[in-house]
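>>> pasting the structure only:
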Ligand SMILES: [Fe+2]
């Protein structure tokens, strides 16, 4: 099995372009899957959607796609501002109608979960695929963890928190230590795992670099890639309707 797993691109074209180059250099360009949140927060929703449509084998529905399609339920006012601006970009009359329709069709056909060769995939959690967060600190919440892992066969890949790492059903969290950190599958002793692939376009683990995962045979590897974060920051600042903290947080990886 060879798979490049990306998630939470959040309309960050500079980060996505660097990740796509890295994936191509590994010969994995026909084996890219995405766990959702291609859009939302960032300045290039249309361009990122076009790459997703042309390059991803499949893509899951993230909460930001759901919000653009059905309304920003549970979003804070600033996140909702970004969703409303994103929806306007998708409806921008200066874009060819064919392109607009293609992007809306893609969003309307996103799947909630996926399964491939014994591996499971969700945006947030296997229990509530689009919206539920599973944070590293949830290893202390035994009831939550037990309930979530009832929905996991063996290994489920997720995104959504933008915090890469491995949550084991037995109550351990292992963060990937830097670029190239890897683990082996299947987990030993019948252990079940939630594997968070991190975020391409808005990492929140204190490392601003784009994050994604490669699965090759029995090895899962996290990759961290430098990108032109200042260019993305400038683009966000140039849009009045995108709150400024969406720019500054990219520099800090928060
Ligand atoms: Fe996200």
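Received the coordinates, thanks. In this text the structure is predicted, and so the values were computed from the model without any measurement.

>>> wait, is residue 153 part of a helix?
No: counting by DSSP: H, G, I helix; E, B strand; the rest coil, residue 153 is not found in a helix; it is coil.

>>> Does it touch residue 120 like I think?
Yes: contact criterion CB atoms under 8 Å: residue 153 and residue 120 qualify, at 6.1 Å. Placement of C-beta: from N, CA and C, glycine included.

>>> Those two: who's more crowded?
Set residue 153 next to residue 120 and count neighbours by other CB atoms under 10 Å: residue 120 wins out with 19 against 12.

>>> Assess the claim that the more buried one and residue 112 are in contact.
No: assessed by CB under 8 Å, residue 120 is found out of contact with residue 112, at 11.7 Å.

>>> Kindly report the residues of the protein close to the ion.
Residues of the chain found near the ion (CB under 5 Å from the ion) are 8, 37.

>>> Strands of the chain, residue ranges please.
Taking DSSP state E as the test, the strands found in the chain are 2-6, 32-34, 58-59, 113-116, 119-122, 155-158, 165-168, 172-174, 182-184, 193-196, 210-216, 219-225.

>>> so which of these comes closest to residue 143?
strand 165-168 (14.7 Å; CB to CB).

>>> Just list what that closest one packs against, helices and strands only.
strand 172-174, strand 193-196 (3 or more CB pairs under 8 Å, 6 or more residues apart in numbering; DSSP states H and E).

>>> who touches the last one?
With contact meaning CB atoms under 8 Å, 6 or more residues apart in numbering, strand 193-196 is reached by 125-126, 134, 148-149, 152, 154-161, 163-169, 183, 187, 213, 220.

>>> quick one: average confidence on it?
Across strand 193-196, pLDDT averages out at 98.

>>> just how off-centre is it within its chain?
13 Å (CA atoms, centre = their mean, to the nearest Å).

>>> That one: partners in the sheet, and parallel or antiparallel?
Applying DSSP bridges, strand 193-196 is found paired with strand 155-158 (parallel), strand 165-168 (antiparallel).
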